[in-house]
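Participant: Sequence and predicted structure, then a few things I'm wondering about:
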Amino acid sequence: MGEQLLAFCEELRREGSAVGTSEIQDAFRALEIVPWTNPVDFKEALATTVAKSPRDREVFDLVFDRFFFRAAEQAALDNSDGSESETDPTRSSQISKEALYSLDSEQLAQAVREAIETGDESAMNELARLAIEAFGHHGESSGVVGVDLQRIRRGLGLRPDGKGEGEDEGRQPLDRDRMARFERQLRRELQRRQIARQGTLPPARPLSGLNRALPMRGAQDLAEVHKAVAQMKRRLATIGHDPRGAKKARTVDIRKTMRSSLETGGVPLNLSYRPRRPRKPEIYVLCDVSTSVSSASTFFLSVLHALHDSFRKLRSFVFIERISEVTGIFEDERDFAAISERITSEGGVADISGYTDYGRVWREFLDDVSSDLGPRSTVIVLGDARTNGRPPAAEAFAKVTERANRTFWLNPEPALYWNYGDSVMNAYIPYCDGVFECWQTEHLERFVDIVAAGRPTLERPRTPTTRHRY
Amino acid sequence: MADSVAAPPTSPAEVGDALREAAYLADESTALIAFLAQRLGKPVLVEGPAGVGKTELAKALSRATGRELVRLQCYEGLDEAKALYEWNYRKQLLQIQATASSGGGADALAEPVGADTPDTALGGIFTEEFLLERPLMRAIANPDPVVLLIDEIDKTDQEFEAMLLELLSDFQITIPEMGRIEATTHPIVLLTSNNSRELTEALKRRCLYLWLDYPSAEREIEIVRLHAPEIDKALATRLVEVIDMVRDLDLKKAPSIAESIDWARTLVLMGADDIDEKVFRDSLSIIIKHRTDLDLVADKVLPRLRRERSGGGGNGAGPSQNGG
């Protein structure tokens, strides 16, 4: 069993959760004192030692089920001859089975909704099986779990946003978490069936990919971005701060002064000062969320999300035609999906045409916000600089960059495409301290590296003295 | 109670029962992790939404084990002088002057620190006598085992987390002038976080992890009845139903368990025997603490209550809005 456990941890690592050796040791120690025979205790003891965040826990649950139930499935496969496994004694439903089996699809959909509303796990499980029976074309399946899942969801009239299809308006949308739980049940059951049908276990499915083009969704991708941004934080915090006004207002380190004063009989002749900590940067992030960057904006929003985790003094803005501050949304919400939804609904950034207007955005930013910009401010623009033929208003952008300490531009397009079509990247490049293409987490990491090394690739041609200082 | 300090628990169920006696209804995983924390001597990182009883768990553990609770409330800018220890400079200065004026110490004081003279004055002022203990130090130096609660660790800076590492893994604190202070007994350490930022991997690696969420309806009914025993079962059930309904809304601040309990007590005081529209509106401010939330709840929950009450009949009560 020890080997099994190691293999399990190995599997967790493959899925991208960081399981350290010390954590495995903890798991073993925990399992020495927890009876292995109780499945709940066993799982919880393992989870508490190796899964250290809700995200990790999600992965853990998935992997745990896959890993430990594979063995059980294998055994079931050997025993039964392909008949439906209703013999599982650990699960029971409060709803009587006869009642369930007599439902037609309409009623079934209703029952599912109710189960999701009440959050009754065992009923959900039972209904998941029934739904597969009803909509899964009686065992014939596409062979791809995701496709089957879609079909069943359509059949039940459930939409991912929780609203029922064709429902009347007054209906409460379903709780998303519970929806997700039901879908997990469905997915698990579908996998179980696939295993039973094919008589073999599917290859271990990787949950994450490190280097796909754009992290579109999913906790794992988000985690990647968070990692890169966490690095960025540490580096941004310690570099590029002009020690302006350095001589004023230093704090006396009483402890140190005391210690050195002992040489002079307790008279503090030499004052020791606290070391000057680099001041925390103020970051302004401007994020394009228009349709021309729609594939990238999820990525950008996740960058924003991660930035908010790391920086206290961060203000974020989204823009299309107009600019709108969304700092509050990030402070209220922790869940990434909820954030992107609220930004779409509350941002109010599209005006009439829905096309990006960089010129107007700069002017608005200049009017509303730039008075807050100062020598500690870093402005990061996430956008493709496609103005749809409108004037770029580079002079307004220049004023913004002049007020800020540093300005970086991350462009979601490969550098090859810049300045083709309606991209006016060249108009802005001279004013930025650094311009980077950024369409992979890798690029984000490189951006961090370069910024940290203190030598931006595209140094803008200027002498420090021309810069306006406050 | 005192003898339970010495004996570590032998099963998770035992911990669960002890917590129940201390008026805390722990679910299986909470009891298990509390058990593991005591047996393995590892700190527990408790995360979850506000008001699910993270801090209360520490208090209950302290009651259940008969240990003293040492609490460190974290905030932005908390540093080691406030969390660990501080030298009592005034006392040290007085001591130096006293030594100097009494004559004998003058030579010794002139020597630099670390000279090989048997320095009575210098060694003398960096002793425990001049040490001001802060919560973490108090937890470590206490001869009796304690429960140490580090509350809202996510409010501090990462630097503070790093400082905690030595304490959490080895239960010791290094003071440059004095050397290492090791814990004589193993404290139970709980760290709570509202998940307002990611904690560092290094910290997480040293902890057991417990995610506390809102309890299931049955458990919440139990909790409410435990803390407001006068409430009858039907009303408690109804209350939890309504709370659940409210939590499902997209509120700025969802009602916590503490607020459910407060509400239950209020209802008892009001002499209500059912939650109808009027009672709900009168006591709404107990569970909802935001102006915008009040509107939302008035919008979404009140009509539902009305519908349920009137049983689908034409509701005579007009669309009266709650005034807050």
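Facilitator: Ah, there it is.
Participant: From now on I want contacts and neighbour counts done on CA atoms only, so please keep to that.
Facilitator: OK.
Participant: Assign the closest residue to chain A within the stretch 201-324 of chain B to helix, strand or coil.
Facilitator: Closest contact between the stretch 201-324 of chain B and chain A, by Cα to the nearest Cα, is at B:Tyr209 (4.6 Å). When classified by DSSP: H, G, I helix; E, B strand; the rest coil, B:Tyr209 comes out as strand.
Participant: Show me the beta-bridge partners of it.
Facilitator: B:Leu45 (DSSP bridges).
Participant: Name all residues that make contact with it.
Facilitator: A:47-49, A:51-53, B:44-47 (Cα atoms under 8 Å, 6 or more residues apart in numbering or on different chains).
Participant: Rank the residues you listed by pLDDT and give me only the lowest.
Facilitator: Checking pLDDT across the contacts of B:Tyr209, the minimum falls on A:Ser53 at 79.
Participant: can you confirm A:Val435 is in a helix?
Facilitator: No: counting by three-state DSSP, A:Val435 is located in no helix; its state is strand.
Participant: since we're on it, how many residues are nearby?
Facilitator: For A:Val435, the neighbour count with other Cα atoms under 10 Å in any protein chain shown is 25.
Participant: quick one: it and A:Pro414 touch, right?
Facilitator: No: the pair A:Val435 / A:Pro414 is not scored as a contact, 11.6 Å apart, by Cα atoms under 8 Å.
Participant: counting contacts, what elements does the helix or strand hosting A:Thr378 pack onto?
Facilitator: Under the criterion DSSP states H and E, the helix or strand holding A:Thr378 is strand A:377-382. Applying 3 or more Cα pairs under 8 Å, 6 or more residues apart in numbering or on different chains; DSSP states H and E, we find strand A:377-382 packed against strand A:282-288, strand A:406-411.
Participant: tilt between that strand and strand A:406-411?
Facilitator: If you take axes from the mean of the first three to the mean of the last three Cα atoms, to 10 degrees, strand A:377-382 sits at 10 degrees to strand A:406-411.
Participant: And the contacts of strand A:377-382?
Facilitator: A:281-288, A:300, A:401, A:404-412.
Participant: Following it in sequence, what is the next regular element?
Facilitator: Going down the chain from strand A:377-382, the next helix or strand is helix A:394-403, by DSSP H and E.
Participant: Give me the contact list for that following helix.
Facilitator: Contacts to helix A:394-403, defined as Cα under 8 Å, 6+ apart, come from residues A:359, A:362-363, A:366, A:370, A:373-375, A:379, A:407, A:427-428, A:431-432, A:467-469.
Participant: Please export the C-alpha coordinates of it as PDB.
Facilitator: Extracted C-alpha coordinates of helix A:394-403, given in PDB (Å, rounded to 0.1, in the frame of the first residue of the first chain):
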ATOM      1  CA  ALA A 394      -0.300  58.900 -29.100                       C
ATOM      2  CA  GLU A 395       0.200  62.300 -27.500                       C
ATOM      3  CA  ALA A 396      -2.300  61.500 -24.800                       C
ATOM      4  CA  PHE A 397      -0.600  58.200 -24.200                       C
ATOM      5  CA  ALA A 398       2.700  60.000 -24.000                       C
ATOM      6  CA  LYS A 399       1.400  62.200 -21.200                       C
ATOM      7  CA  VAL A 400       0.300  59.100 -19.300                       C
ATOM      8  CA  THR A 401       3.700  57.500 -19.600                       C
ATOM      9  CA  GLU A 402       5.400  60.700 -18.600                       C
ATOM     10  CA  ARG A 403       3.500  60.800 -15.400                       C
END
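Participant: Now B:Ile275: phi and psi?
Facilitator: Note on B:Ile275: its backbone torsions stand at phi -100, psi 100 [degrees, to the nearest 10].
Participant: ok, residue 147 - how many residues close by?
Facilitator: Because you didn't say which chain, this covers chain A. Residues near A:Val147, counting by other Cα under 10 Å: 12.
Participant: if you could check chain B rather than the one you did, that'd help
Facilitator: Neighbours around B:Val147, by other Cα under 10 Å: 24.
Participant: Quickly list what it is bridged to.
Facilitator: B:Leu69, B:Ile188.
Participant: one step back: hey, which of the helices and strands packed on strand A:377-382 is tucked in deepest?
Facilitator: Among these, the stretch with the highest mean neighbour count (mean count of other Cα atoms under 10 Å in any protein chain shown) is strand A:282-288, at a mean of 24.
Participant: got the angle between that one and strand A:406-411?
Facilitator: Using the same axes, to 10 degrees: strand A:282-288 against strand A:406-411 is 30 degrees.
Participant: Remind me what strand A:282-288 packs against, helices and strands.
Facilitator: helix A:294-310, strand A:314-319, strand A:377-382.
Participant: so where's chain B uncertain?
Facilitator: B:1-7, B:103-123, B:309-324 (pLDDT under 70).
Participant: Now do the strands in it.
Facilitator: All strands of chain B, identified by DSSP state E, fall at B:44-47, B:68-73, B:85-87, B:131-133, B:146-151, B:172-175, B:179-182, B:188-193, B:208-211.
Participant: And these: which comes nearest A:Arg153?
Facilitator: Comparison of these against A:Arg153 by Cα to Cα identifies strand B:208-211 as nearest, at 29.7 Å.
Participant: residues contacting B:Asp144?
Facilitator: Taking Cα under 8 Å, 6+ apart, we find B:Asp144 in contact with B:67, B:185.
Participant: touching chain A at all, stretch B:154-167?
Facilitator: No: using Cα under 8 Å from any Cα of the partner chain, stretch B:154-167 stays clear of chain A, with a minimum separation of 9.9 Å.
Participant: nearest to B:Ile261, of the helices and strands packed on strand A:377-382?
Facilitator: With respect to B:Ile261, and counting by Cα to Cα, the nearest of these is strand A:282-288 at 41.7 Å.
Participant: who touches that closest one?
Facilitator: Contacts of strand A:282-288 (Cα under 8 Å, 6+ apart): A:297, A:300-301, A:304, A:311, A:313-320, A:376-384.
Participant: how does it look with 6 Å?
Facilitator: By Cα atoms under 6 Å, 6 or more residues apart in numbering or on different chains, the residues outside strand A:282-288 that reach it are A:313-319, A:376-383.
Participant: tell me the angle that strand makes with strand A:314-319.
Facilitator: On the basis of the same axes, to 10 degrees, strand A:282-288 is oriented at 20 degrees to strand A:314-319.
Participant: quick one: average confidence on strand A:282-288?
Facilitator: For strand A:282-288, the per-residue pLDDT averages 83.
Participant: quick one: strands adjacent to that strand?
Facilitator: Strand A:282-288 is paired, per DSSP bridges, with strand A:314-319 (parallel), strand A:377-382 (parallel).
Participant: Can you name the element that comes right after the helix or strand hosting A:Phe330?
Facilitator: Taking DSSP H and E as the definition, A:Phe330 sits inside helix A:327-332. Using DSSP H and E, the helix or strand that directly follows helix A:327-332 along the chain is helix A:336-346.
Participant: Is chain B within reach of that next one?
Facilitator: No: legend: contact between helix A:336-346 and chain B by Cα under 6 Å from any Cα of the partner chain is lacking; minimum distance shown is 10.0 Å.
Participant: Could you write out the alpha-carbon coordinates of that helix in PDB?
Facilitator: This file holds the C-alpha atoms of helix A:336-346, laid out as PDB (Å, rounded to 0.1, in the frame of the first residue of the first chain):
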ATOM      1  CA  PHE A 336     -12.400  33.800 -11.500                       C
ATOM      2  CA  ALA A 337     -15.600  32.800 -13.400                       C
ATOM      3  CA  ALA A 338     -17.700  35.200 -11.300                       C
ATOM      4  CA  ILE A 339     -15.200  38.000 -12.000                       C
ATOM      5  CA  SER A 340     -15.200  37.600 -15.700                       C
ATOM      6  CA  GLU A 341     -19.000  37.500 -15.700                       C
ATOM      7  CA  ARG A 342     -19.300  40.600 -13.600                       C
ATOM      8  CA  ILE A 343     -16.800  42.500 -15.700                       C
ATOM      9  CA  THR A 344     -18.800  41.700 -18.800                       C
ATOM     10  CA  SER A 345     -22.100  42.700 -17.200                       C
ATOM     11  CA  GLU A 346     -21.000  45.700 -15.200                       C
END
